[in-house]
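> missing the sequence, but the structure's below:
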């Protein structure tokens, strides 16, 4: 690996970190999936995501499903 490859690898890494942190800057959005009582639920597994939405107001998935979603997108992107 030469210096240009290393620079590109590091740039991609920091870009990915920036994009992940951008989720914290997004305004809250209504959950796409809710229980009858209004509790926000993960769009993939129906787990309660109330706590996650307190941290990331735009979250639509639980942590595990979000990780799986991102992994699938990386493999198909």
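Done, it's in. In this text the structure is predicted, and so the values were computed from the model without any measurement.
> Remind me which helix or strand residue 4 belongs to.
For residue 4, the host element (DSSP states H and E) is helix 3-22.
> what's the distance between the residue most central in space within the chain and residue 56?
Nearest residue to the geometric centre of the chain (CA atoms, centre = their mean): residue 66, 5.3 Å. Separation of residue 66 from residue 56 (CB to CB, to the nearest Å): 9 Å. All C-beta spots, glycine's among them, are computed from the backbone N, C-alpha and C.
> coming back round to it: what helices or strands is the helix holding residue 4 leaning on?
Helices and strands touching helix 3-22, by 3 or more CB pairs under 8 Å, 6 or more residues apart in numbering; DSSP states H and E: there are none.
> What mean pLDDT does it get?
Taken as a whole, helix 3-22 has a mean pLDDT of 82.
> so how far is it from its chain's centroid?
17 Å (CA atoms, centre = their mean, to the nearest Å).
> Count the neighbours of residue 65 for me.
Using other CB atoms under 10 Å, residue 65 has 17 other residues around it.
> could we number from 12 for the rest of this?
Will do, 12 is the new start, and the previous item becomes residue 76.
> Surely it is within a helix?
Yes: when classified by DSSP: H, G, I helix; E, B strand; the rest coil, residue 76 is found to be part of a helix.
> What is the end-to-end distance of stretch 54-74?
Separation of the first and last residues of stretch 54-74 by CA to CA, to the nearest Å is 12 Å.
> For that stretch, list every residue counted as buried.
54, 60, 63, 64, 67, 70, 71, 72, 73 (16 or more other CB atoms under 10 Å).
> would CSV of the residues you listed with secondary structure be doable?
Listed next are these as CSV, based on three-state DSSP:
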residue, secondary structure
54, coil
60, coil
63, helix
64, helix
67, coil
70, coil
71, coil
72, coil
73, coil
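> pLDDT-wise, what's the bottom of those residues?
Scanning those for pLDDT, the low point is residue 67. It has 86.
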